[in-house]
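Kindly generate the corresponding structure for this input.
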Amino acid sequence: MCRVIDAFVAKLSLSELGFERAQAAETGRPGYDPRDLLKLYLYGYLNKIHSSQRLEAECRRNVGMVLWHSLWRWAKQRHPNKSPSWIVDRYWHRFGRRSWCFAILAGSNAQGLRSVAVRLVDPTEIPIRRYIKVKSDANPFDQHWRVYFESRKRFR
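Predicted structure coming up:
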């Protein structure tokens, strides 16, 4: 589905459709590319995702899948003569309830060291932290806003 959306948006002429910032300004940092935002919007619409937070979680899951496929291609290229089950046994392990965790064994018994599994963190395991925006006219150096900034410290 992502490739279909990507191909569809690539064929569109966004400036003719009235999208602003289709061409980046010469001064300052450009905004997000309208093509990327349109792809994200269409992906959410076609998958019936109405919440931006749910869409963010879905994007993180997709990053995990892209990472998994990249690691699988790397492992197949690294060991072309080995079977898929050998590759799975070598690189993908189970940690607690999570299966298919990419990890390698660091240290070896030949050196008299204990083997330790070093695991790659899954992007979906990283917690999403929501932040409360600071009021635009708030000044941390003004004594009138001291109570406001002290109340914000509770949310850390």
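
where does this structure have low pLDDT?
For the chain, residues meeting the criterion pLDDT under 70 lie at 20-31, 107-115, 155-156.

Go through it and flag its longest strand.
Determined from DSSP state E, the single longest strand within the chain is strand 98-106.

tell me what the next helix or strand after it is packed against?
Toward the C-terminus, strand 98-106 is succeeded by strand 116-119 as the next helix or strand (DSSP states H and E). In terms of contacts (3 or more CB pairs under 8 Å, 6 or more residues apart in numbering; DSSP states H and E), strand 116-119 is packed against strand 92-95, strand 98-106. Heads up, the C-betas are built off the backbone N, CA and C, glycines and all.

Relative to the whole chain's centre, how far out is strand 116-119?
Its chain's C-alpha centre and that of strand 116-119 lie 22 Å apart, by CA atoms, centre = their mean, to the nearest Å.

What pairs with that strand, parallel or antiparallel?
For strand 116-119, sheet partners with direction are given as strand 98-106 (antiparallel), following DSSP bridges.

Only C-alpha atoms, please: export the partner strand in PDB.
What follows is strand 98-106 as a C-alpha-only set of coordinates in PDB (Å, rounded to 0.1, in the frame of the first residue of the first chain):
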ATOM      1  CA  ARG A  98       9.100 -10.400  22.700                       C
ATOM      2  CA  SER A  99      10.200 -12.800  20.000                       C
ATOM      3  CA  TRP A 100      12.100 -12.000  16.800                       C
ATOM      4  CA  CYS A 101      14.500  -9.600  18.600                       C
ATOM      5  CA  PHE A 102      17.700  -8.900  16.700                       C
ATOM      6  CA  ALA A 103      20.700  -9.700  18.900                       C
ATOM      7  CA  ILE A 104      24.200 -10.900  18.800                       C
ATOM      8  CA  LEU A 105      26.300 -12.700  21.400                       C
ATOM      9  CA  ALA A 106      29.200 -10.600  22.700                       C
END
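
ok, now how distant is residue 59 from residue 126?
Computed with CB to CB, to the nearest Å, the distance linking residue 59 and residue 126 is 13 Å.

cool, and residue 73?
In this structure, residue 73 lies at 23 Å from residue 126, with CB to CB as the measure.

if we can go back for a sec, who touches the longest strand of the chain?
With contacts defined as CB atoms under 8 Å, 6 or more residues apart in numbering, strand 98-106 is touched by 68, 71, 91-95, 115-120, 122.
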